[in-house]
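J.: Fold the following, please.
(chains A and B)
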Amino acid sequence: DAKTTQPTSMDCAEGRAANLPCNHSTISGNEYVYWYRQIHSQGPQYIIHGLKNNETNEMASLIITEDRKSSTLILPHATLRDTAVYYCIVIHGAGSYQLTFGKGTKLSVIP
Amino acid sequence: ETGVTQTPRHLVMGMTNKKSLKCEQHLGHNAMYWYKQSAKKPLELMFVYSLEERVENNSVPSRFSPECPNSSHLFLHLHTLQPEDSALYLCASSLEGQQSEQFFGPGTRLTVL
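T.: The predicted structure follows:
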């Protein structure tokens, strides 16, 4: 699976959009981009995934660049409960039992 | 109950004890996982069961013994653990074929004295 690079930490004001970037410049054509988050002392939570089109669900939006070398997770109106570590993972299209979580981005939502 | 539940949430045990961690999923999934999360380390996949058969065992010491009696239940039996085994043990489940979309339980915080 391709390697990902994320900023170590980010701050976001409550009520504003949180934009979390991820670089995956070695991604191959059949690899998907997945996002998970982990709130302190809880299990990880699946957020969203995509291949090449932008995706939206009730939690977030995922914007993937046309060359697929990077993506951005957008939380449209961040709340204090969105404070967590966010992980960007690239996974082969056939699916993988192994979710390789890197260090992720620690997002702090500030009142 | 909904989702993935784990019991107990906290466990303290001595090195000579035998204990078991329990995981139950109410999502109709058919694949279940055990992960270990040590302080300041990434999640480590320990075991995977798909359709009640073990499909992955990532070089885990034999003092950890998994059991999957049916598709809704998963156990992790512990015996003669070491202090370095203290960690958060997470259970997850998914549908076979959608194994990259895993649903995690809250975890069991294990301390080995």
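
J.: What is the least confident helix or strand in chain B?
T.: The helix or strand of chain B with the lowest confidence, counting by mean pLDDT, DSSP states H and E, is strand B:53-57 at a mean of 83.

J.: ok, and for that strand, which residues are buried?
T.: For strand B:53-57, the neighbour count (16 or more other Cβ atoms under 10 Å in any protein chain shown) marks no residue as buried. C-beta coordinates here come from the backbone N, C-alpha and C atoms, glycine included.

J.: Report the distance from that strand to the chain centre.
T.: 13 Å (Cα atoms, centre = their mean, to the nearest Å).

J.: That one near chain A at all?
T.: Yes - contact of strand B:53-57 with chain A (Cβ under 8 Å from any Cβ of the partner chain) involves B:Val55, B:Glu56.

J.: C-terminal to that strand, which secondary structure element comes first?
T.: Later in the chain than strand B:53-57, the nearest helix or strand by DSSP states H and E is strand B:64-70.

J.: Partner strands of the least confident helix or strand of chain B and their direction?
T.: strand B:44-50 (antiparallel) (DSSP bridges).

J.: how about the strands of chain A, start to end?
T.: A:9-13, A:18-23, A:31-38, A:45-50, A:55-56, A:61-64, A:70-75, A:84-92, A:105-110 (DSSP state E).

J.: The ones you listed into a markdown table, with extra columns for mean neighbour count, mean pLDDT and distance to B:Thr111?
T.: Shown next, in a markdown table, are the strands of chain A (neighbours: other Cβ atoms under 10 Å in any protein chain shown; pLDDT from 0 to 100; distance: least, Cβ to Cβ, whole Å):
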| stretch | mean neighbour count | mean pLDDT | distance to B:Thr111 |
| --- | --- | --- | --- |
| strand A:9-13 | 14 | 97 | 28 |
| strand A:18-23 | 20 | 98 | 33 |
| strand A:31-38 | 22 | 95 | 20 |
| strand A:45-50 | 18 | 95 | 25 |
| strand A:55-56 | 15 | 96 | 40 |
| strand A:61-64 | 19 | 97 | 38 |
| strand A:70-75 | 20 | 97 | 34 |
| strand A:84-92 | 22 | 94 | 22 |
| strand A:105-110 | 17 | 97 | 25 |
